[in-house]
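>>> I'd like to go over a predicted model; first the sequence, then the structure.
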Amino acid sequence: MKFRGFILTFMVLTAYSINVAANHHEENDHHHEEGHETQEAHLHGYGESNVVIDGNDVEIHFDSPSANIVGFEYKASTQKEMQAVSRAKSTLETPDKLFSFKGTKCVATEVNVDMSALLPSEHEEDHHHDTKEKADIHSDVEAEYKFTCKDGKKLKSIKMLLLDEFPGLETFKVDWVKGNKQGSKKLFAGGFGRVKFK
Ligand SMILES: [Zn+2]
């Protein structure tokens with residue numbers, strides 16, 4: 001559900017892209033159960049990003065099953081699990097470790113990492129999950145990044161360093177929009193991880 005919402009938003013993009021982070025949060029469905037339209041949205045080993053380059057502004061949305069990032073998808077309870085979450089969060093909050101821009105200099109202006117599905121919640125009583133086996137629980141890690149580049153027109157490519165940070169990401173799809181051009185690129189663990197905008 002939230003993935004489809006994002007795709008729609010992505011298509012009408014430029015003007016509305018900023019709403020994504022605010023909106024999709026409320027529709028916290030287990031979208032992997034939804035079927036045909038979203039079949040690629042939650043596959044272990046698979047992750048994806050949408051990259052939007054609008055003038056000098058670059059927005060990157062990242063979405064991956066939690067398993068690829070921390071090795072599990074239920075709410076962390078042991079110290080080891082909590083550490084895995086906080087370690088991954090600090091990596092995801094360091095854009096320099098995740099993306100390398102070529103052609104122009106880009107500086108992160110906003111970083112928003114959502115790992116709430118992995119953290120114990122104080123507000124809701126999660127009976128739903130309590131009755132489930134841990135292996136049956138699925139969740140995603142999402143992050144939203146905004147950058148300002150010196151000259152967006154000169155931005156040639158972005159290297160997805162995050163593939164090296166998270167070996168659990170075996171296949172990674174990047175959909176991008178740059179002005180009136182767009183493309184899609186599949187990256188693989190151990191590869192060069194570079195997305196060219198042409
Ligand atoms: Zn899962």
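Done, it's in.
>>> Give me the secondary structure label for Tyr74.
coil (DSSP: H, G, I helix; E, B strand; the rest coil).
>>> and the gap between it and the ion?
The gap separating Tyr74 from the ion is 10 Å, by CB to the ion, to the nearest Å. Quick note: C-beta positions are derived from backbone N, CA and C, even for glycine.
>>> Just the C-alphas of stretch 89-103, formatted as PDB.
Extracted in PDB, the C-alpha atoms of stretch 89-103 (Å, rounded to 0.1, in the frame of the first residue of the first chain):
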ATOM      1  CA  LYS A  89      20.700   3.500  12.100                       C
ATOM      2  CA  SER A  90      23.900   5.300  12.500                       C
ATOM      3  CA  THR A  91      25.200   4.100   9.200                       C
ATOM      4  CA  LEU A  92      22.000   5.000   7.500                       C
ATOM      5  CA  GLU A  93      22.200   8.500   9.100                       C
ATOM      6  CA  THR A  94      25.600   9.000   7.500                       C
ATOM      7  CA  PRO A  95      24.900   9.800   3.800                       C
ATOM      8  CA  ASP A  96      28.600   9.900   3.000                       C
ATOM      9  CA  LYS A  97      28.800   6.200   3.700                       C
ATOM     10  CA  LEU A  98      25.900   5.500   1.400                       C
ATOM     11  CA  PHE A  99      26.100   7.700  -1.700                       C
ATOM     12  CA  SER A 100      29.000   9.100  -3.700                       C
ATOM     13  CA  PHE A 101      28.200  11.800  -6.200                       C
ATOM     14  CA  LYS A 102      30.200  12.300  -9.400                       C
ATOM     15  CA  GLY A 103      30.300  15.400 -11.500                       C
END
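>>> quick one: contacts of it?
58, 60, 62, 69, 108, 111, 113, 115, 141, 143, 145, 147, 149, 154-162, 165-166, 194 (CB atoms under 8 Å, 6 or more residues apart in numbering).
>>> So which of these sit within helices?
Among the contacts of stretch 89-103, the members found in helices (DSSP state H) are Ile69, Leu162, Glu165.
>>> Pick the one among those residues closest to Val51.
Leu162 (12.4 Å; CB to CB).
>>> partners of the residue nearest to Asn50 when sequence neighbours are not counted in the sheet?
Distances taken as CB to CB, 6 or more residues apart in numbering place His61 nearest to Asn50, at 4.6 Å, with adjacent residues excluded. Per DSSP bridges, the residues bridged to His61 are Asn50, Glu144.
>>> what about His61, distance to Val111?
In this view, His61 and Val111 are 12 Å apart by CB to CB, to the nearest Å.
>>> which of these two has more neighbours?
His61 (22 against 16; other CB atoms under 10 Å).
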